[in-house]
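Trainee: the amino acid sequence is not available; the structure is as follows:
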Ligand SMILES: Cc1ncc(COP(=O)(O)O)c(C=O)c1O
């Protein structure tokens with residue numbers, strides 16, 4: 001049968017390559033003029049500073065919130081695990097990949113997050129995608145925040161469940177959706193983040209808990225940017241909102257941010273985790289986390305539990321940054337208590353120009369976030385704070401931004 005399909009046998013002729021090139025050309029002028037902010041090589045651990053082009057720069061672009069990546073005790077734990085077990089688990093945990101460190105880490109996460117059990121996977125992103133893609137079936141509904149992370153929306157594309165989104169943090173809209181739909185579905189899963197990664201705001205988790213209880217839904221909270229960060233001891237949303245252990249059904253977290261390693265975890269009831277251990281495709285059909293990572297992450301949680309001075313220092317730095325930014329007239333979006341403290345710039349070119357000139361001329365890294373990561377005309381500089389930053393570094397960075405902003409704002413049209 002005749003059709004109008006044009007056969008493509010060279011990737012360079014594909015729609016995907018064409019769309020990518022259109023996106024690149026939309027930014028090409030800025031990249032050419034100001035330099036490329038992507039794939040910058042850092043030749044060191046990312047702490048308050050890092051090494052770029054053999055120079056020490058002030059780094060406000062890392063997720064090493066508590067400075068645990070590069071911490072001597074955490075490094076040592078990784079090295080000890082390598083000496084004993086090598087660099088790979090060398091198999092799915094179900095078959096040959098299980099090491100004692102995996103279960104030790106999962107028990108530690110469960111204790112830390114006040115759940116009965118936990119499961120550790122090799123990537124944070126893939127943890128969300130495989131869980132969201134497989135937890136619900138065609139009789140279920142998934143309700144999610146409009147600006148939820150891409151790893152969740154990728155899972156939604158895989159899931160057989162219906163899904164609907166509600167406006168950002170709009171728990172009243174969520175409640176209306178739940179009321180309207182509760183009797184039409186078996187399970188309703190509500191998916192939100194603890195702290196949102198582009199605006200730095202804390203979600204109204206207490207309201208979500210109320211709704212999930214009142215209407216009998218499941219609640220999943222992605223704690224990528226809240227675990228280890230909010231709450232007096234960095235306990236995350238449970239501690240911050242003073243929740244009961246089972247108020248949240250699925251506490252998801254990444255090990256790549258405050259915990260200074262890599263991977264994802266799902267923490268919840270014994271039976272849920274038992275089910276996932278034997279059925280979650282992204283766990284069963286994937287290698288176990290490397291023993292070095294399991295050992296390092298276990299040590300990171302032990303450090304957070306024994307001493308909350310890093311968490312306190314991080315929280316102090318957040319307050320300093322937000323207060324000092326506001327004093328200088330900057331809009332810090334919704335940031336208040338989280339380490340992601342964006343400064344709204346609006347114009348994309350200005351954001352590129354500020355970011356690149358501060359990096360190359362002032363030795364300060366504050367990465368730009370532009371469309372499609374954020375809405376059009378809402379470009380921002382995404383400062384991330386860590387416990388290693390010093391007050392003087394924060395003030396210096398904001399002084400430089402203020403100076404550069406006034407210098408450039410009329411130049412860029
Ligand atoms: C909210 C959120 N969830 C999940 C992830 C994925 O985590 P990872 O980078 O550890 O794969 C990220 C990454 O930035 C994130 O911001």
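Mentor: Structure received. Being a predicted model, the structure only gives us computed values, none of them experimental.
Trainee: show me which residues of the stretch 1-150 of the chain are close to the ligand?
Mentor: With C-beta under 6 Å from any ligand atom as the criterion, the stretch 1-150 of the chain meets the ligand at residues 123, 124, 125, 128, 149. To be clear about C-beta, it is placed using only N, CA and C from the backbone, and glycine gets the same treatment.
Trainee: in the sheet, who's paired with the spatially closest residue to the first one that is not a sequence neighbour?
Mentor: Same thing as residue 123. Leaving aside its chain neighbours, residue 123 sits nearest to residue 264 (5.8 Å; criterion: C-beta to C-beta, 6 or more residues apart in numbering). Assessed by DSSP bridges, residue 264 has beta-bridge partners residue 121, residue 254.
Trainee: contacts only, for residue 264.
Mentor: 120-128, 252-255 (C-beta atoms under 8 Å, 6 or more residues apart in numbering).
Trainee: pick out whichever of these sits closest to the ligand.
Mentor: residue 124 (2.6 Å; C-beta to the nearest ligand atom).
Trainee: make sure the closest one is actually in contact with residue 254.
Mentor: Yes: using C-beta atoms under 8 Å, residue 124 is in contact with residue 254, at 3.1 Å.
Trainee: between the two, which contacts overlap?
Mentor: Listed contacts common to residue 124 and residue 254 are 224, 263, 264; contacts here mean C-beta under 8 Å, 6+ apart.
Trainee: what's the closest of those to the ligand?
Mentor: Each of those was checked against the ligand using C-beta to the nearest ligand atom; the closest is residue 224, at 3.4 Å.
Trainee: which SS class is residue 289?
Mentor: The local conformation at residue 289, judged by DSSP: H, G, I helix; E, B strand; the rest coil, is coil.
Trainee: how about the residue sitting nearest the centre point of the chain, what does it touch?
Mentor: The chain has residue 224 as the residue nearest its centroid, 4.2 Å off, counting by C-alpha atoms, centre = their mean. Contact analysis of residue 224 by C-beta under 8 Å, 6+ apart lists 124, 149, 193, 194, 195, 197, 252, 253, 254, 257.
Trainee: as CSV, those with pLDDT, secondary structure and neighbour count would be great.
Mentor: Below are these laid out as CSV (pLDDT from 0 to 100; DSSP: H, G, I helix; E, B strand; the rest coil; neighbours: other C-beta atoms under 10 Å):
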residue, pLDDT, secondary structure, neighbour count
124, 98, helix, 22
149, 95, coil, 22
193, 97, strand, 25
194, 97, coil, 27
195, 94, strand, 27
197, 81, coil, 21
252, 98, strand, 28
253, 98, strand, 29
254, 98, strand, 25
257, 97, coil, 27
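Trainee: closest to residue 47 among those?
Mentor: If you rank these by distance to residue 47 using C-beta to C-beta, residue 257 comes first, at 14.2 Å.
Trainee: phi, psi of that closest one?
Mentor: Main-chain dihedrals, residue 257, degrees, to the nearest 10: phi -110, psi -100.
Trainee: my guess is residue 62 meets residue 46, correct?
Mentor: Yes: using C-beta under 8 Å, residue 62 is in contact with residue 46, at 3.7 Å.
Trainee: name the SS class of residue 227, please.
Mentor: Recorded secondary structure, residue 227: coil (three-state DSSP).
Trainee: isn't residue 345 right up against residue 381?
Mentor: Yes: using C-beta under 8 Å, residue 345 is in contact with residue 381, at 6.1 Å.
Trainee: what is in contact with those two at once?
Mentor: 351, 354, 368.
Trainee: in helices, which of those residues fall?
Mentor: Among these, DSSP state H puts 351, 354 in helices.
Trainee: can you tell me which of the shared contacts of residue 345 and residue 381 is nearest the ligand?
Mentor: If you rank the shared contacts of residue 345 and residue 381 by distance to the ligand using C-beta to the nearest ligand atom, residue 368 comes first, at 16.2 Å.
Trainee: which ones are touching that closest one?
Mentor: Going by C-beta under 8 Å, 6+ apart, residue 368 touches 37, 345, 348, 351, 352, 354, 355, 379, 380, 381, 382.
Trainee: just the helices in the stretch 301-413 of the chain please.
Mentor: For the stretch 301-413 of the chain, the helices defined by DSSP state H, counting those that start in this stretch cover 309-327, 348-357, 391-408.
Trainee: and these as a markdown table, adding mean pLDDT and distance to the ligand?
Mentor: Listed next are those as a markdown table, based on pLDDT from 0 to 100; distance: least, C-beta to the nearest ligand atom, whole Å:
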| stretch | mean pLDDT | distance to the ligand |
| --- | --- | --- |
| helix 309-327 | 96 | 17 |
| helix 348-357 | 94 | 19 |
| helix 391-408 | 97 | 22 |
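Trainee: quick one: residue 112 and residue 302 touch, right?
Mentor: No: with contact defined as C-beta under 8 Å, residue 112 does not count as touching residue 302 (9.5 Å).
Trainee: those residues of the stretch 251-400 of the chain touching the ligand, which are they?
Mentor: Near the ligand, when you scan the stretch 251-400 of the chain using C-beta under 6 Å from any ligand atom, you find 254, 256.
Trainee: buried set for the helix or strand that residue 110 is a member of?
Mentor: Residue 110 is located in helix 100-112, with elements delineated by DSSP states H and E. Within helix 100-112, the residues scored as buried using 16 or more other C-beta atoms under 10 Å are 101, 102, 105, 106, 108, 109, 110, 112.
Trainee: domains of the protein?
Mentor: Using automatic domain parsing, the domain ranges for the chain come out as 26-59+309-408, 72-306.
Trainee: those: which one's closest to residue 18?
Mentor: Per C-beta to C-beta, nearest to residue 18 of those: domain 26-59+309-408, 13.1 Å.
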